[in-house]
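Asker: need coordinates for the following:
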Amino acid sequence: MGIGIVSYMGIQERARIARITVTASSSGADLHIWLQSSLSPQRSLRGIDTNFDGVINGADMTNEELFNAGVVNTYINGRNSTLKETSPWLERPLWSSDDPPPNGTINVTQPLSNQIKIVAREKNGLIVYEQIISSD
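Answerer: You can find the predicted model right below:
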């Protein structure tokens, strides 16, 4: 019976790591589009679902508003507040821009105006995913 519990816990841990890795990886495409929109010369265009309600309409930010509010802050706020995503290990929001990043979260920062960095950490702080997104 003891071996079964240990195996189950190992599988559960791998599933948590896979969840945070896939979530971080799939956010890269979203964040790239958000970054490009915020840098677009079409400042008054609303082309991103910035409030995460599933539709692009007058309630969403224009490209200029997104730039001014910050892509990272807007994205993290929406994922944590609207979608209510939490860490698979700990009772905390999944998304962070804190420095240093909390364990068990996906950390998103914008080191340059045209660059976003995504780093996912498992519960002990080991990096399980890292990506840098750039827009010209």
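
Asker: where is the longest helix in this protein?
Answerer: In the chain, with assignment by DSSP state H, the single longest helix is helix 2-38.

Asker: that helix: how far from the chain's middle?
Answerer: 11 Å (CA atoms, centre = their mean, to the nearest Å).

Asker: what of stretch 47-57?
Answerer: Distance, centroid of stretch 47-57 to centroid of chain: 16 Å (CA atoms, centre = their mean).

Asker: again, but for stretch 64-75
Answerer: Distance, centroid of stretch 64-75 to centroid of chain: 14 Å (CA atoms, centre = their mean).

Asker: rounded mean pLDDT for that stretch, please.
Answerer: If you average the pLDDT over stretch 64-75, you get 98.

Asker: report the buried residues of it.
Answerer: If you call a residue buried by 16 or more other CB atoms under 10 Å, then stretch 64-75 has these buried ones: 66-67, 71-72, 74-75. Bear in mind the C-beta positions are built from the backbone N, C-alpha and C, glycine included.

Asker: in those residues, find the pair that's most separated.
Answerer: Farthest pair in those (CB to CB) is Phe67 and Tyr75. Separation: 12.9 Å.

Asker: other SSEs contacting the longest helix of the chain?
Answerer: helix 63-69, helix 71-77, strand 106-112, strand 115-121, strand 127-134 (3 or more CB pairs under 8 Å, 6 or more residues apart in numbering; DSSP states H and E).

Asker: excluding chain neighbours, what is closest to Ile48?
Answerer: Closest residue in space to Ile48, ignoring its immediate chain neighbours: Ser37 at 5.0 Å, by CB to CB, 6 or more residues apart in numbering.

Asker: can you count the residues close to that neighbour?
Answerer: Neighbours of Ser37 under the rule other CB atoms under 10 Å: 22.

Asker: what about this structure, any weak spots by pLDDT?
Answerer: Scanning the chain for pLDDT under 70 picks out 1-9.

Asker: 50 - rerun?
Answerer: For the chain, the stretches flagged by pLDDT under 50 are 1.

Asker: picking up where we left off before, with distance to Asp99 as added columns, please give the helices and strands packed on helix 2-38 in TSV.
Answerer: Shown next, in TSV, are these (distance: least, CB to CB, whole Å):
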stretch	distance to Asp99
helix 63-69	20
helix 71-77	12
strand 106-112	8
strand 115-121	11
strand 127-134	15
